[in-house]
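Student: From the sequence below, what's the structure:
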Amino acid sequence: MTFVATVGEILVEILADTPGTGFRHAQPLSGPYPSGAPAIFIDQVGKLGVPCGIVGAVGNDDFGWLNIDRLRSDGVDVSAITVIDGATTGSAFVRYRRSGERDFVYNIKDSASGQLMIDMAGATLLDKTTHFHLTGSSATSESIREAVRVAIETVKAHGGTLSFDPNLRKELLDDSEPRAFFDWVLERTDIFLPSGEEVFLFASARKPETAANELIARGIPLVVIKNGDRGAAAYQEKGTVAMPAYQVEEIDPTGAGDCFCAAFVACHLNGKDLETSLRYANAAGGRQVTARGPMEGTSSLAELDEWISATATTTSA
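Tutor: Okay, here's the model as predicted:
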């Protein structure tokens, strides 16, 4: 039976109600919302009915239990989430500028997530995992990279597969140690899921299709490039499948890429063809941006079917 797992940060997100710059004066806020890129990804997998779980760490506080309760209710195995007394669950305060850019105040590195490790519960969860997903932004510290390395080696050792969404800043790859780690991940990747120009961080070519083919030649079976409101395209040796995006009014873009990845991976692992997998992935990402809060737009299969039937696509992928 398919079982999908991920490792990484679990946090809450608190949103400023008004657009502007930063947090240097008192202002109305909304939240807390459950968040964290790997948590959003695995919540969407769970809502699609695919068995799944996450290895993570939260504080023994309301923010931590908010996340655990949400993930559990959406079908995620939370047995490998460590609840740490005396630690604080990670948080991100977010304010949108009028331009659409965002200002952040993070507490992740020094939160419970910074103490994440593969303990006995995590090892048990990984032993039954058939597919592992990595969000690159989760592996920015040496300790988390070591946990991810253990997870990938465990899953690969019993024939499992790996998907990788880089979600990285270019500056991080200027450091030789993270670069070496992500190159190591890429060598083991079965589904590579970069957003737009992220594909060029790992290829010398300067055109998406040429870059994708370069990565395929290096041994990655499937490269899926997310292009936001321009849709997405899947590349493999036998050809390319492109799919237009859906026309939506964007309310909050956070989590759209994670929902896309989750829906694509869930569909692909369950035997759906590339066209169908991309259609559901675009729908999951599109529906997510219409909700305020990073996990508030995750969708069941029935919700996606209904949304797809009611929503027009753009003209090109």
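
Student: Only C-alpha atoms from now on, for both contacts and neighbour counts.
Tutor: Fine.

Student: Please state the mean pLDDT value computed over stretch 70-78.
Tutor: The average pLDDT within stretch 70-78 is 98.

Student: any idea how far it is from the chain center?
Tutor: Counting by CA atoms, centre = their mean, to the nearest Å, stretch 70-78 is centred 16 Å from the centre of its parent chain.

Student: and if you look at stretch 271-282?
Tutor: Remark: stretch 271-282 is offset 17 Å from the chain centroid, using CA atoms, centre = their mean.

Student: repeat for stretch 211-230
Tutor: Taking CA atoms, centre = their mean, the mean C-alpha location of stretch 211-230 is offset from the chain mean by 17 Å.

Student: With only the CA atoms kept, save it in PDB.
Tutor: The C-alpha coordinates for stretch 211-230 follow below in PDB (Å, rounded to 0.1, in the frame of the first residue of the first chain):
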ATOM      1  CA  ALA A 211      16.800  22.300 -18.600                       C
ATOM      2  CA  ALA A 212      14.300  19.600 -17.900                       C
ATOM      3  CA  ASN A 213      15.800  17.400 -20.500                       C
ATOM      4  CA  GLU A 214      19.200  17.900 -19.100                       C
ATOM      5  CA  LEU A 215      18.000  16.800 -15.700                       C
ATOM      6  CA  ILE A 216      16.200  13.800 -17.200                       C
ATOM      7  CA  ALA A 217      19.600  12.800 -18.900                       C
ATOM      8  CA  ARG A 218      21.100  12.900 -15.400                       C
ATOM      9  CA  GLY A 219      18.700  10.200 -14.300                       C
ATOM     10  CA  ILE A 220      15.600  12.000 -13.000                       C
ATOM     11  CA  PRO A 221      12.600  10.200 -14.500                       C
ATOM     12  CA  LEU A 222      10.100  13.000 -14.200                       C
ATOM     13  CA  VAL A 223      10.500  16.800 -14.000                       C
ATOM     14  CA  VAL A 224       7.400  18.900 -13.300                       C
ATOM     15  CA  ILE A 225       7.800  22.700 -13.600                       C
ATOM     16  CA  LYS A 226       5.200  24.800 -11.700                       C
ATOM     17  CA  ASN A 227       4.500  28.100 -13.500                       C
ATOM     18  CA  GLY A 228       1.800  29.700 -11.200                       C
ATOM     19  CA  ASP A 229      -0.900  31.400 -13.200                       C
ATOM     20  CA  ARG A 230       0.700  30.000 -16.400                       C
END
